[in-house]
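Q: Output the structure for:
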Amino acid sequence: MTTLKHRAASAAIGTLALVCGTLIIGPAQSASAANCRSWGTTDTAADIVGAYTHGEGCTLDSGRVQIDVTIEDTKADGKGACAQLHATYADGGTRDEWVYVAGTGNTLDKTFNYASSVRNIWVREGLGNSGKCTEMAGGTHKVWPK
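A: Sure, this is the predicted structure:
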């Protein structure tokens, strides 16, 4: 009888620890990405027919910036879809990242992290072949800060 009570008590403590652990861990994980905002290039100056680019920009608790990008090749034209992300930093430095996907309906997700000294990030879509962008949208769309 004591063994049954002991097992029941152990199970209850284990369940309580699991629930408490979830309650403690859950909010801490979600708090690591504060101030997140969705963005997309549709109907902006950065939009080009044949590509669909969207994502989310977050200012992390550390002050760093995280940009999530999804790009899709949306047109069966023999060209792949690409996107350029361009960041400008407080010291005047810049950084460009390129994302490329080919094949109608194919998508690619990428995440980029930037130092807290980043001041502006914009995106523009393009089309290309063999993993290179050869035709870019005429304008850009600011994705961070919004």
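Q: Only C-alpha atoms from now on, for both contacts and neighbour counts.
A: Noted.
Q: contact partners of stretch 64-76?
A: 49-60, 80-83, 99-118 (Cα atoms under 8 Å, 6 or more residues apart in numbering).
Q: is the residue nearest the centre of the chain in a bridge, and if so with what?
A: Geometric centre of the chain, nearest residue: Asp68, 1.1 Å, by Cα atoms, centre = their mean. Here Asp68 sits in beta bridges with Glu56, Thr111, as judged by DSSP bridges.
Q: Return the subset of the contacts of stretch 64-76 lying in helices.
A: Among the contacts of stretch 64-76, none falls in helices (DSSP state H).
Q: What is the longest strand of this protein by residue count?
A: Secondary structure assigned by DSSP state E gives strand 118-129 as the longest strand of the chain.
Q: which residues in the chain form strands?
A: Secondary structure of the chain (DSSP E): strands at 33-40, 51-60, 65-73, 80-89, 94-101, 107-114, 118-129, 132-136, 141-144.
Q: Residues contacting the shortest one, please?
A: When you say that, I think you mean strand 141-144. Residues outside strand 141-144 that contact it (Cα under 8 Å, 6+ apart) are 39, 41, 44-46, 56-57, 119-124.
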